[in-house]
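Fold the following for me, if possible:
(one chain, ligands or ions: 1)
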Amino acid sequence: MRCKCFEDLEQKVKEKCTKANMTDIECGFKHKALVMTESPYNSLVMLPMEFSYRLIKKDGSKGKNTRTETVSIAPTYCTFCGEKISKE
Ligand SMILES: [Zn+2]
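Okay, here's the model as predicted:
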């Protein structure tokens with residue numbers, strides 16, 4: 001069993017937009033991942049985490065440039081209802 005929070009929220013946004021005289025509404029969470037491995041979800045909203053760093057050179061000194069990257073983290077609990085993301 002799994003919650004439907006993400007799908008329900010997308011539907012609520014569509015309904016609110018429709019009531020506000022909008023049409024051809026497309027909506028969905030960013031950072032959605034298609035899960036190809038065995039998982040309780042076919043797709044999952046990922047939490048993007050940004051990190052920045054400077055590389056350490058071979059001589060031990062800090063690199064000149066700061067680099068910024070993003071890594072996506074999969075939650076283990078629904079961020080809205082708190083239900084554990086599991087197969088049962
Ligand atoms: Zn939920």
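
Mind checking what helix or strand follows the helix or strand bottoming out on mean pLDDT in the chain in sequence?
Ranking every helix and strand in the chain by mean pLDDT, DSSP states H and E puts strand 43-45 at the bottom, with a mean of 73. Per DSSP states H and E, the first helix or strand lying C-terminal to strand 43-45 is strand 47-53.

which residues touch the residue nearest to the spatial centre of the chain?
Closest to where the C-alpha atoms of the chain average out (CA atoms, centre = their mean) is Met46, at 2.3 Å. Contact analysis of Met46 by CB atoms under 8 Å, 6 or more residues apart in numbering lists His31, Lys32, Ala33, Ser72, Ile73, Ala74. Glycine gets a C-beta too; all of them are placed from N, C-alpha and C.

Then Thr66?
Ser52, Tyr53, Arg54.

Tyr77 now?
Glu83, Lys84, Ile85.

do Pro48 as well
His31, Thr70, Val71, Ser72, Ile73.

Thought Leu44 was touching the fourth one, still the case?
No - in this structure Ser72 lies outside contact range of Leu44 using CB atoms under 8 Å: 9.5 Å.

The two: who's more crowded?
Leu44 (18 against 13; other CB atoms under 10 Å).

hey, what's that one bridged with?
Here Leu44 shows beta-bridge partners Ala33, assigned using DSSP bridges.

Quick check, it in contact with Ala33.
Yes - if you go by CB under 8 Å, Leu44 and Ala33 touch, sitting 5.3 Å apart.

what sits in contact with each of the two?
In contact with both Leu44 and Ala33: Ala74, using CB under 8 Å, 6+ apart.
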